[in-house]
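[1] When you get a sec, could you give me coordinates for this:
(2 chains)
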Protein chains: 2
Amino acid sequence: MNYEPININDKLSKFNELWSPRVIAEMNDYQFKLAKGEGEFVWHDHADTDEVFIVIDGELDIEFRDGKVTLNAGEMFVIPKGVEHKPFAKGLVQVLLVEPKGVVNTGEAGGNLTAEDDIWV
Amino acid sequence: MNYEPININDKLSKFNELWSPRVIAEMNDYQFKLAKGEGEFVWHDHADTDEVFIVIDGELDIEFRDGKVTLNAGEMFVIPKGVEHKPFAKGLVQVLLVEPKGVVNTGEAGGNLTAEDDIWV
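    Below you'll find the model as predicted:
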């Protein structure tokens, strides 16, 4: 067993790719992933699971078909399963995601922002 | 659906009880809980689940039978299921816990630090 803490800022310093989540920890069959974003992501949903966003740094808008939530550092939100959403960040945002192992970033939508799954940092 | 962000520091300001986790969010059958601690907790384990600690503020030692990890703000650790551990904080520590709904803070150990489950803040 590894007794090293997982330092979130240290892990964030190790990659720069946007909209490309990196796994930093596993808990049962769930993963904790860091992601950086800037600009618009795509409309998508995750049919089988809720998804948690925790903003570490910057500001993240999450648009829904009938509204929007704005998250700043230290704020979190649970996207219910099956609900279409589109992340948007005016500047660089750094977030911690929590979701089951195997969830793809673009959900059912696909497209060129679809990231490889299960890359650790 | 609620479009309000969950602000971690705002939720922390709403209770003062030590070693008494408060639920702030649910994702599928998992809960996100805030807890405050100072001094020694009890040795315990969770036979059926891993448990995640993310330190929001302060410093948390987690002792194991064969070692220790020290977590500062912005650091996290996954306690594997079945592994005995004892949280300890020299000063006040504020943490975000992630674990399945229904997990009791003292695991199988019981005792007078056992907190009521499923209290939301």
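[2] Name the helix or strand for A:F88, please.
    According to DSSP states H and E, A:F88 maps onto strand A:85-100.
[3] How far off centre is the helix or strand A:F77 falls within?
    Assessed by DSSP H and E, A:F77 sits inside strand A:75-79. Offset of strand A:75-79 from its chain centre (Cα atoms, centre = their mean, to the nearest Å): 10 Å.
[4] could you dump it to PDB, C-alpha only?
    Extracted in PDB, the C-alpha atoms of strand A:75-79 (Å, rounded to 0.1, in the frame of the first residue of the first chain):
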ATOM      1  CA  GLU A  75     -17.900  24.700  -5.700                       C
ATOM      2  CA  MET A  76     -19.300  21.400  -7.000                       C
ATOM      3  CA  PHE A  77     -22.300  20.200  -8.900                       C
ATOM      4  CA  VAL A  78     -23.900  16.800  -9.600                       C
ATOM      5  CA  ILE A  79     -25.100  16.300 -13.100                       C
END
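[5] contacting residues for the one residue sitting closest to the centre of chain A?
    Centroid-nearest residue in chain A, with Cα atoms, centre = their mean: A:L97, separated by 4.1 Å. Applying Cβ atoms under 8 Å, 6 or more residues apart in numbering or on different chains to A:L97 gives the contacts A:21, A:32-35, A:51-54. No exception for glycine: its C-beta is placed from N, CA and C like everyone else's.
[6] Need those residues in TSV (columns: distance to A:I79 and neighbour count).
    Output for the contacts of A:L97, formatted as TSV (distance: Cβ to Cβ, whole Å; neighbours: other Cβ atoms under 10 Å in any protein chain shown):
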residue	distance to A:I79	neighbour count
A:P21	14	27
A:F32	16	25
A:K33	14	25
A:L34	17	22
A:A35	14	24
A:E51	5	22
A:V52	8	23
A:F53	7	23
A:I54	12	23
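[7] From the residues you listed, list the ones also adjacent to chain B.
    A:32, A:51-52 (Cβ under 8 Å from any Cβ of the partner chain).
[8] Just these: which are in strands?
    A:32, A:51-52 (DSSP state E).
[9] now, which of those residues sits nearest A:K101?
    A:F32 (10.5 Å; Cβ to Cβ).
[10] Do I have it right that the closest one meets A:P21?
    No - under the criterion of Cβ atoms under 8 Å, A:F32 makes no contact with A:P21, lying 9.8 Å away.
[11] and the ones in strands among the ones next to chain B among the contacts of A:L97 as a markdown table, adding distance to B:V93 and pLDDT?
    Output for these, formatted as a markdown table (distance: Cβ to Cβ, whole Å; pLDDT from 0 to 100):
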| residue | distance to B:V93 | pLDDT |
| --- | --- | --- |
| A:F32 | 20 | 98 |
| A:E51 | 28 | 97 |
| A:V52 | 22 | 98 |
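[12] now, which of those residues sits nearest chain B?
    Comparing these against chain B with Cβ to the nearest Cβ picks out A:V52 as the nearest, at 4.9 Å.
[13] if we can go back for a sec, the strand holding A:F77 pairs with which strands, parallel or anti?
    Sheet pairing for strand A:75-79, assigned by DSSP bridges, gives strand A:51-57 (antiparallel), strand B:6-7 (antiparallel).
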